[in-house]
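Participant: Generate coordinates for the sequence data below:
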Amino acid sequence: TFEWLHAQLAGSGDMLNALGLAVSSESFGAVLQFTALACFVVFIYQLAKKSDSEKGSVLTLFLVVSPVLIFLTTAPKPQLLPQTAVAIALWLAVSKEEIDTPVFVLICILVMGAAQQKLSFYFTGGVIGVYALVKSLRTCGPGAIFPALALGLFFFGPRFYWFFTENNGAINQMHTFGLPIEFLDNLKSIQENEWVFPLNLIIPGSAGKITAVIGLIILYPFLIKKLNQKAVITATISMVAMGLFFFWGQLTARFFFVFILWGSVLMVFLPDKGIRLNLLKGMVLFQAIIMMPLAVYAAYTLGPGGFSTSFRDAIMQRSADGYTVGKWIDETLPRDAVIWCGVRSIVMIPREVVSSDWWRYIGKTKTDQEYLDFVEQKNITHILLQSKDPSDWITKYIGERVAGPKKFVGGTRNPLNRQEQICSIFKFKPVE
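Facilitator: Sure thing, here's the model as predicted:
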């Protein structure tokens, strides 16, 4: 529904997470993404070792020593799978001297499928898709356009149909996917530590933020000594995509990790002695020393949840944001309660929920009344707020306090990054 802004960003990757939640296997999506990365690592190793076995070993480590991988492989973020898909598409697009129809169709499936999983892949996948189309036109002529159009209709048709029906055919809003610009600006401004870009990709803001960086290996371009044609093309595609990300994307490590995967493709294409391999090896080994205890800790603390219900419940309380709040609500409110929810992790709330995203991100604008009319039609019974007392804008809907204020420790995978939150439940009071 239109009021849940975060849900409007959801793609097919989020459906995997929803499937996992439905069968009480919250890690299903993360395991699938880790499997995709593991397959890509083997793929790169096999390519690189053909020319230099040492280079193959270094590239294998290069792909798995970024601290942000701990986050990506344990969090329900549909990013590793599409990142792997566009990296394979990049290799196909650049490695082939000519792109015939079957290869072009495969590239389209990879980049369009990635874009369907998360909107940020419109940037990375789009650059590869345009390059592959131009190259395919040289081989196949204008006929290459038809499979691209057919696949585009298959992958994007349902989303655009939904967009036009929800926004009354407002073509002028297509560039924002119908989302308020204030909300998109808020997402763009998200920083996971206080360092400016690109230092925020290298230096953690604190021990609690160590899994929010890529590390020193992102400096690998400075180790390159010479390029051949394919490496130049790969580097150019990467720089164009990075430029798009800089102006319109989120400048955080989990989004920029895709360029580490692309970097491995670039290094496969490099000529002999095209990179200072010893320096790259030093960077990789340094980060491997940091990563090993992090990986062991993650496996030790999260792994047991797959073996018993009691372990799973304990791990979810400790590591999943909103899980303890959801349990509290389940114990406090009747099954037929409809909650106007002031917390972000509403998927953990075991009741019908109306999100407060719209008002929290947009503020008081001309669309307020439409949102309030929608809210009043949902037969809301209770309001959940993440504060001791209600904010000014919602005061007129506040009835008597039902429960709280209750203090919770927010669930995170990093124990050094846990913060307290205070929640209260009120009865909803319709405005006469």
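Participant: Can you name the element that comes right after the helix or strand where Gly126 lies?
Facilitator: Assigned by DSSP states H and E, Gly126 belongs to helix 121-140. Toward the C-terminal end, the helix or strand that comes next after helix 121-140 (DSSP H and E) is helix 145-166.
Participant: I'd like to know which elements that following helix is packed against.
Facilitator: Judged by 3 or more C-beta pairs under 8 Å, 6 or more residues apart in numbering; DSSP states H and E, helix 145-166 is in contact with helix 101-117, helix 121-140. (Glycine included, C-beta is placed from N, CA and C.)
Participant: still on that earlier bit, show me how far the helix holding Gly126 is from its chain's centre.
Facilitator: Chain-centre distance of helix 121-140: 23 Å, with C-alpha atoms, centre = their mean, to the nearest Å.
Participant: what does it rub up against?
Facilitator: 82, 86, 89-90, 92-93, 96, 98-101, 103-104, 107-108, 110-112, 114-115, 144-145, 148, 233, 237, 240-241, 244-245, 248-249, 258 (C-beta atoms under 8 Å, 6 or more residues apart in numbering).
Participant: quick one: pLDDT of Gly11?
Facilitator: Note for Gly11: predicted pLDDT of 66.
Participant: Stretch 394-408: which residues count as buried?
Facilitator: Neighbour counts over stretch 394-408 (16 or more other C-beta atoms under 10 Å) mark 394, 397-398, 402-404, 408 as buried.
Participant: ugh, wrong one, I meant stretch 326-339
Facilitator: 326-329, 333, 337-339.
Participant: just stretch 273-293 next, same as before
Facilitator: So stretch 273-293, judged by 16+ other C-beta under 10 Å, has buried residues 274-275, 277, 280-281, 283-284, 287, 291.
Participant: Check stretch 335-353 too.
Facilitator: 337-343, 345-349, 351, 353.
Participant: Output these as a markdown table; include the columns distance to Glu420.
Facilitator: Shown next, in a markdown table, are the buried residues of stretch 335-353 (distance: C-beta to C-beta, whole Å):
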| residue | distance to Glu420 |
| --- | --- |
| Ala337 | 25 |
| Val338 | 27 |
| Ile339 | 21 |
| Trp340 | 23 |
| Cys341 | 19 |
| Gly342 | 16 |
| Val343 | 13 |
| Ser345 | 15 |
| Ile346 | 20 |
| Val347 | 21 |
| Met348 | 17 |
| Ile349 | 19 |
| Arg351 | 23 |
| Val353 | 23 |
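Participant: Quick one: list the elements packing against the longest helix anywhere in the chain.
Facilitator: Scanning the chain for the longest helix, with DSSP state H as the assignment, gives helix 277-302. The elements that helix 277-302 packs onto, with contact taken as 3+ C-beta pairs under 8 Å, 6+ apart, are helix 53-62, helix 68-74, helix 309-319.
Participant: With respect to these, which exhibits the lowest mean confidence?
Facilitator: helix 309-319 (a mean of 62).
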